[in-house]
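[1] Sequence and predicted structure below; questions after.
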Amino acid sequence: MLKHTPFHDFHVNAGGKMVDFAGWDLPILYKSIVDEHHHTRNSGSIFDVSHMGRVRFSGPDALKFLDTILTRKIVDQKPGVSRYSLVCNDAGGVLDDVIVSRDSKDWLMVCNASNREKLLKHFREVRSKHDFDFDFNDQTESTAMIALQGPKVIERLADILPGDLRGLKRYHFYNDSVMLVKFSAFRSGYTGEDGIELILGAKMAAMAMKMLAGGLEKENATIRPAGLGARDTLRLEAGMPLYGHELLEDRNALCSGLNFAIDLSKDFIGATALRDVATKGPPQKLVGLELEGKRIARQGSPVLLEGKPIGEITSGTLSPTLGKSIAMAYIDSAHTAEGTALSVDLKGTINPGKIVKLPFYKRP
């Protein structure tokens, strides 16, 4: 049986087209993926991301444990700050990409829904192996999480939520309450737009939705609901990796280009393997492709150079913002120069394209 987020009734009442996503019943769209995409870019959208894992860590060795499993340096991370990082296996493959936030007394990790159980098992194994003294609490189903994204979101919410939302820096957060509802507001997102992500108690979700998305049924509403379909096209335009597409257990993390989140000067699980890759150079790299025509390159489609396979597509879409067919792909490192002419085999049709700089889109 599929799990329901605290906003499930809202989705159904708003006409959401529900689908199974990592075991959760979530809206793929409400009316149109393209319309929801454009509304996010031009005004603002509200996304239910309650399916994503939320795990809190506390205790004497919590920092030591996190420093062991995370690829990014966090020992200097201050309270109120969030950082993007990876969790790797011994071979340097990616178990998941996560956001880790330091609170005044503990740490919060947000992970992908499909990887939550796998990570919880990994945490137990690492704690046992190193005899770390810490506790972790999976709060995924006792809390709710929504992302409000778009250029008009901050101004709209600054008059509703307490705290200095306008002054909140990117990848910073604060805790507060409104009408006795406690919440945490994070200046982050997964769309390439400005906005915030809110975490609050599951029992308060319905009240919060009414307060934050009041009037969203109106034609000229500043914030409207958007589904998983628009969330994917938005993140792809912004060149953001998606686990299961750009990030995988059997592909080393340095191929992804996420070097800013991998600190090889510290020890962590997978560091030895990744140092070896860094010395030799990654065999493949993640690149952006722009294809001729309107056909969409699907995951697994071969990328060709002079008719010979040199890689494969990880994600592709017809960009609503740019009006072009775009894709991300892993290709052999020797052929990753911007402007390189390539082609993609789309079920037997050879479609020309070229390598372009990531991201495809940056907000003005």
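    Everything's here; your move. Computed from a prediction, not measured in an experiment: that's the story for all the values here. Residues are numbered from 1 along each chain as shown.
[2] show me what contacts the spatially closest residue to Ser45 that is not a sequence neighbour?
    Among residues not flanking Ser45 along the chain, Ala226 sits closest, at 3.7 Å (C-beta to C-beta, 6 or more residues apart in numbering). For the C-beta atoms, the positions are set from N, CA and C on the backbone; glycine is no exception. Under the criterion of C-beta atoms under 8 Å, 6 or more residues apart in numbering, the neighbours of Ala226 are Leu29, Tyr30, Glu36, His37, His39, Thr40, Ser45, Ile46, Phe47.
[3] domain assignment for this protein?
    Structural domains assigned to the chain are 8-51+141-236, 283-364, following automatic domain parsing.
[4] Make a markdown table from those domains and add mean pLDDT and distance to Phe57 to it.
    Shown next, in a markdown table, are the domains of the chain (pLDDT from 0 to 100; distance: least, C-beta to C-beta, whole Å):
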| stretch | mean pLDDT | distance to Phe57 |
| --- | --- | --- |
| domain 8-51+141-236 | 94 | 15 |
| domain 283-364 | 97 | 30 |
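[5] returning to what we had before: for the contacts of Ala226, could you give me JSON lines that also reports secondary structure and neighbour count?
    Formatted as JSON lines, those follow (DSSP: H, G, I helix; E, B strand; the rest coil; neighbours: other C-beta atoms under 10 Å):
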{"residue": "Leu29", "secondary structure": "strand", "neighbour count": "21"}
{"residue": "Tyr30", "secondary structure": "coil", "neighbour count": "21"}
{"residue": "Glu36", "secondary structure": "helix", "neighbour count": "25"}
{"residue": "His37", "secondary structure": "helix", "neighbour count": "25"}
{"residue": "His39", "secondary structure": "helix", "neighbour count": "20"}
{"residue": "Thr40", "secondary structure": "helix", "neighbour count": "32"}
{"residue": "Ser45", "secondary structure": "strand", "neighbour count": "31"}
{"residue": "Ile46", "secondary structure": "strand", "neighbour count": "24"}
{"residue": "Phe47", "secondary structure": "strand", "neighbour count": "27"}
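[6] With distance to Lys308 added, can I get these in TSV?
    Rendered in TSV, the data for these read as follows (distance: C-beta to C-beta, whole Å):
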residue	distance to Lys308
Leu29	39
Tyr30	44
Glu36	39
His37	35
His39	42
Thr40	39
Ser45	42
Ile46	46
Phe47	41
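[7] coming back round to it: out of the domains of the chain, which one sits most buried?
    Looking across these with neighbours counted as mean count of other C-beta atoms under 10 Å, the highest average goes to domain 8-51+141-236: a mean of 19.
[8] end to end, how far does that domain reach?
    26 Å (C-alpha to C-alpha, to the nearest Å).
[9] List the contacts of Leu289.
    Leu289 makes contacts with 297, 303, 313, 316, 326-329, 342, 344, 353-356, as judged by C-beta under 8 Å, 6+ apart.
[10] 10 Å instead, please
    297, 303, 311, 313, 316, 325-329, 331, 340, 342-344, 351, 353-356, 358, 360 (C-beta atoms under 10 Å, 6 or more residues apart in numbering).
[11] that's a strand at it, yeah?
    Yes - going by DSSP: H, G, I helix; E, B strand; the rest coil, the assignment for Leu289 places it inside a strand.
[12] how near is it to Ala297?
    Summarising the geometry, the distance separating Leu289 from Ala297, computed by C-beta to C-beta, to the nearest Å, is 7 Å.
[13] Please identify every residue contacting each of those two.
    Common neighbours of Leu289 and Ala297 (C-beta under 10 Å, 6+ apart) are Val303, Ile313, Gly316, Ser325, Ile326, Ala327, Met328, Ala329, Val344, Asn351, Gly353.
[14] pretty sure the last one contacts Ile331?
    In this case it means Gly353. No - because the distance of 11.3 Å does not satisfy C-beta atoms under 10 Å, Gly353 is recorded as not touching Ile331.
[15] Please enumerate the shared neighbours of these two.
    Between them, Gly353 and Ile331 have Leu289, Val303, Leu304, Thr340, Leu342 as joint contacts when contacts are counted by C-beta under 10 Å, 6+ apart.
[16] re the thing from before, specify which member of the contacts of Ala226 is nearest to Ser188.
    Closest to Ser188 out of the contacts of Ala226 is Phe47 (12.5 Å), distances taken as C-beta to C-beta.
[17] beta partners for the closest one?
    Phe47 has the following beta-bridge partners by DSSP bridges: Ala147.
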